[in-house]
Structure formats: structure tokens, C-alpha cells
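1. Output the structure for:
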Amino acid sequence: MTFIIKNTKWVMLVSGALTCTMFYGLFAPQAALESMFGASFNGTLENIVIRSWSALVGIIGIIMIYGFFSQKNRVLLFSIAALSKLVFVSLILLYGQEFLVKIAPAIAMDCLVIILSGVLLFAVRLQRSTT
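-> Here you go, the predicted model:
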């Protein structure tokens with residue numbers, strides 16, 4: 001379990017860096033929407049929502065990168081990121097199944113983060129109960 005606790009930070013760094021790439025949706029919302037979902041929009045509201053979503057996803061990436069450097073806050077930050085990713089994956093599975101093929105790599109990465117977050121929480125809890 002110590003191995004898991006010590007090495008989870010690398011998953012946070014890589015996943016956080018990949019998640020930060022969504023900041024480009026702030027500057028190119030149409031391109032972000034097309035690359036992620038293969039869809040387009042035509043309206044001011046959609047423009048605002050995509051830019052906001054891109055910023056929020058990018059902030060989750062920053063949280064994960066910060067968790068790489070901050071052992072004290074790592075479990076909390078990884079849990080927040082995993083919860084955000086769980087909501088996204090759930091929404092895609094419930095309402096966006098037509099986008100699954102296009103968004104499969106992101107869903108796979110998010111599922112990995114969700115699973116590893118659960119393993120980390122279990123490992124930390126187990127370690128605390130034995131000390």
C-alpha cells in the first residue's frame with residue numbers, strides 16, 4: 001500500500017497535464033467542442049458554456065498538478081478531481097452515448113483516475129488504521 005501512496009502523485013501529474021490541455025477551449029471553443037465530441041455549435045450561449053466548461057476542466061488539471069507537489073493535500077485534491085471526472089463520465093454514459101466513440105480516450109483516462117483515486121483512498125485508510 002505504501003507503493004500506491006507514494007506513486008499516485010505521478011498519475012496526478014500526467015493526468016493533470018493532459019486535463020490542463022482543455023484550457024484551449026477558452027480561446028477556441030468551437031475547435032475544442034469538435035475535437036472532444038465531434039460536434040459544433042452556433043450561438044452565444046453555447047460559446048459561453050464551452051468556454052466556462054473548458055476553464056473548469058483546466059482548473060481541475062491545475063488541482064491535480066498541485067496535488068503532485070503537495071503531499072499534505074494530495075488525497076483531498078485527487079478526490080476532488082476524481083469526483084469531477086466521475087460526474088463527467090456519468091453524464092456522458094447517461095446522456096451522451098452518441099459521443100462515446102469520439103470521446104473514448106478521455107473517458108478511459110478519467111476512469112483510470114477515478115479507479116486510482118478509490119485505490120488511494122483505500123490505501124490511505126488502511127495505512128491510518130494500522131498505525
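2. can you give me the helices in this protein?
-> With helices called from DSSP state H, the chain shows them at 2-20, 24-27, 29-37, 44-69, 74-95, 100-130.
3. Columns mean neighbour count on top of those, output as CSV?
-> Any C-beta I mention is one placed from the backbone N, CA and C, and that applies to glycine too. Shown next, in CSV, are these (neighbours: other CB atoms under 10 Å):
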stretch, mean neighbour count
helix 2-20, 17
helix 24-27, 16
helix 29-37, 17
helix 44-69, 17
helix 74-95, 17
helix 100-130, 15
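4. In a markdown table: these, plus mean pLDDT.
-> Shown next, in a markdown table, are these (pLDDT from 0 to 100):
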| stretch | mean pLDDT |
| --- | --- |
| helix 2-20 | 91 |
| helix 24-27 | 95 |
| helix 29-37 | 93 |
| helix 44-69 | 96 |
| helix 74-95 | 96 |
| helix 100-130 | 92 |
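5. Tell me the spacing between the residue sitting furthest away from the middle of the chain and A123.
-> Centroid-distance maximum for the chain: T131 at 31.5 Å, with CA atoms, centre = their mean. T131 sits 13 Å away from A123, going by CB to CB, to the nearest Å.
6. likewise E46?
-> In terms of CB to CB, E46 sits 41 Å off from A123.
7. dump the residue contacts of the most centrally placed residue in the chain.
-> Centroid-nearest residue in the chain: K85, 4.6 Å away (criterion: CA atoms, centre = their mean). K85 is in contact with I60, D110, C111, V113, I114, counting by CB atoms under 8 Å, 6 or more residues apart in numbering.
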